[in-house]
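A.B. asks: have a look at this fold, sequence not included:
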Ligand SMILES: [Zn+2]
């Protein structure tokens with residue numbers, strides 16, 4: 001299992017979830033994906049992130065303002081809003097939105113880890129600035 005090699009030539013340490021990779025390359029992948037997300041280049045089903053106004057928009061025109069996603073309750077409120085509009089959004093839309101919020105904000109790391117609300121409100125303007 002661990003005698004596989006990463007594309008870079010190093011011994012692979014991660015063999016699940018796609019081709020075998022070393023930790024260094026996995027770290028690079030995570031950094032690259034983060035960059036793609038913050039630049040608005042990642043899609044979640046019908047949703048995408050717009051870095052110019054810090055929103056997650058659905059192709060039907062509905063959008064979620066990440067500047068109003070500061071804590072568990074405000075984020076859950078958006079999810080419930082979308083979930084409640086069953087004529088506008090499919091089950092898949094709701095699922096993709098949760099994935100988008102998790103990818104963009106990092107829900108357990110930043111907002112609700114161990115079932116505890118963060119004591120530092122999420123600040124989209126500062127925390128979603130793309131790092132160069
Ligand atoms: Zn590698």
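C.D. replies: Perfect, thanks for sending it. What you are looking at is a predicted structure, and each value in this text was computed from that prediction instead of being measured.
A.B. asks: wait, residue 39 sits on residue 48?
C.D. replies: No. Contact criterion Cβ atoms under 8 Å: residue 39 and residue 48 do not qualify, at 11.2 Å. The way it works is simple: take the backbone N, C-alpha and C, and place the C-beta from them, glycine included.
A.B. asks: and the spatially most central residue of the chain, how far from the ion?
C.D. replies: Centroid-nearest residue in the chain: residue 103, 1.0 Å away (criterion: Cα atoms, centre = their mean). To the ion, residue 103 is 23 Å away according to Cβ to the ion, to the nearest Å.
A.B. asks: ditto for residue 31
C.D. replies: 13 Å.
A.B. asks: how many neighbouring residues does that residue have?
C.D. replies: Residue 31 has 11 neighbouring residues, counting by other Cβ atoms under 10 Å.
A.B. asks: on that earlier part again, more neighbours: which of residue 39 and residue 48?
C.D. replies: Comparing residue 39 with residue 48 by other Cβ under 10 Å, the one with more neighbours is residue 48, at 17 against 11.
A.B. asks: report the secondary structure state of that one.
C.D. replies: strand (DSSP: H, G, I helix; E, B strand; the rest coil).
A.B. asks: for residue 5, see how far away the closest residue to it other than its chain neighbours is.
C.D. replies: Excluding its sequence neighbours, the residue lying closest to residue 48 (Cβ to Cβ, 6 or more residues apart in numbering) is residue 57, at 6.2 Å. Distance of residue 57 to residue 5, computed by Cβ to Cβ, to the nearest Å: 41 Å.
A.B. asks: hang on, the earlier thing: give the contact list for the residue nearest to residue 48.
C.D. replies: 47-50, 63-64 (Cβ atoms under 8 Å, 6 or more residues apart in numbering).
A.B. asks: need the max-distance pair from those residues.
C.D. replies: With distances taken as Cβ to Cβ, the most widely separated pair in those is 48 and 64, at 11.3 Å.
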